[in-house]
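Colleague: Just a sequence and a predicted model for now, questions to come.
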Amino acid sequence: MKTFPPSELLINNDGSIFHLHLKPEFLADKVILVGDPDRVEMIASYFDEIECKVSNREFHTATGKYKGKRLTVVGTGIGTDNIDIVVNELDALANIDLETRTEKPEFRQLTFVRIGTSGAVQPELKPGTFVMSEKSIGFDGVLNFYANRDAVCDLAFEKAFTAQVEWNHQWCAPYVIDNDPELVERIGQDDMVKGVTISANGFYGPQGRELRLSLAHPSLNDKVEAFRYDRFKITNYEMEGSAIAGLSRLMGHKALTVCCIIANRRVHDAFVNYKEAIQTLVEKVLERI
């Protein structure tokens, strides 16, 4: 039986997992992930009943019920490095006995749906459009640190992408991962665009934004927009979805990222007053998750 020593699995004195400060009994099977901690409160305001609210550092969590469905919503903060913490700790809460530090004999599958904001890289995607990630491309490299990443990634897509965009050998090797197809159909339906989403490991240079520092590859976004593979083209940038999809596939969980487009990088249009649009997207996910 696999065991996990204190140096590898950190547990607080109250029995909660180290970063999230959650106890196993406060985790629902269906989990909504949001980058903005304040969005946890907004989503929890829809709950008919709240079991718990827990906060530690940038990680804010609420568990409750919405129309009979038990849900957990977690504010992850920004970036796939945080996602590595969040998904591993949520999986530990579900599938490791924290008292004995042993893996549970029966696997518990979780469903993760990320609700976020995003920037479009195709000119036809106007701010306010909802995009669901049929595939995610990770610029972050997180999945490359785990065994068996090739078994869950689209290797042919990765090869085509690195060739077409002339990938810089000094960057992390990109990985391409499918989001859960059943969630794509159930949550996306006909009012969201199916897309291929890049998760960047930064907001400025890694997404082709140039302020005072020059870019190593100034034409990257032109190549990203022009990229084609089979029926796919890249639709948008965000910063968390690839690690959610990749870690979930490796662990046996289900995952999907859905985003509201708030800026179009190609036509230089932006939509900063997006609160109402995000609320509409939240309502759709709450009904369909």
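Modeller: Alright, I've got the coordinates.

Colleague: Next, name the residue at the spatial heart of this protein.
Modeller: Geometric centre of the chain, nearest residue: Gly241, 2.8 Å, by Cα atoms, centre = their mean.

Colleague: isn't that residue right next to Val258, touching?
Modeller: No: judged on Cβ atoms under 8 Å, Gly241 makes no contact with Val258 at a distance of 9.2 Å. Quick note: C-beta positions are derived from backbone N, CA and C, even for glycine.

Colleague: burial of Ser219, as a residue count?
Modeller: 12 (other Cβ atoms under 10 Å).

Colleague: Tell me what Ala62 is bridged to.
Modeller: Lys53, Val73 (DSSP bridges).

Colleague: what sits against it?
Modeller: Shown in contact with Ala62 (Cβ atoms under 8 Å, 6 or more residues apart in numbering): 40-41, 43-44, 47, 50, 52-54, 72-73.

Colleague: Pull out the buried residues from those.
Modeller: 40, 43-44, 47, 54, 72-73 (16 or more other Cβ atoms under 10 Å).

Colleague: For those, give me JSON lines that also has pLDDT and distance to Leu98.
Modeller: Output for the buried ones among the contacts of Ala62, formatted as JSON lines (pLDDT from 0 to 100; distance: Cβ to Cβ, whole Å):
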{"residue": "Val40", "pLDDT": "97", "distance to Leu98": "23"}
{"residue": "Ile43", "pLDDT": "98", "distance to Leu98": "26"}
{"residue": "Ala44", "pLDDT": "98", "distance to Leu98": "25"}
{"residue": "Phe47", "pLDDT": "98", "distance to Leu98": "26"}
{"residue": "Val54", "pLDDT": "97", "distance to Leu98": "15"}
{"residue": "Thr72", "pLDDT": "98", "distance to Leu98": "17"}
{"residue": "Val73", "pLDDT": "98", "distance to Leu98": "22"}
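
Colleague: Of those, which is the nearest to Leu33?
Modeller: Val73 (7.7 Å; Cβ to Cβ).

Colleague: So which residues of the stretch 151-289 of the chain form strands?
Modeller: 175-178, 193-199, 234-238, 254-264, 269-270 (DSSP state E, counting those that start in this stretch).

Colleague: Worst mean pLDDT among those strands?
Modeller: Lowest mean pLDDT of the strands of the stretch 151-289 of the chain: strand 269-270, a mean of 80.

Colleague: What strands flank that one, and is each parallel or antiparallel?
Modeller: Checking strand 269-270 against DSSP bridges gives partners strand 254-264 (antiparallel).

Colleague: Would you mark the buried spots in the partner strand?
Modeller: 254-264.
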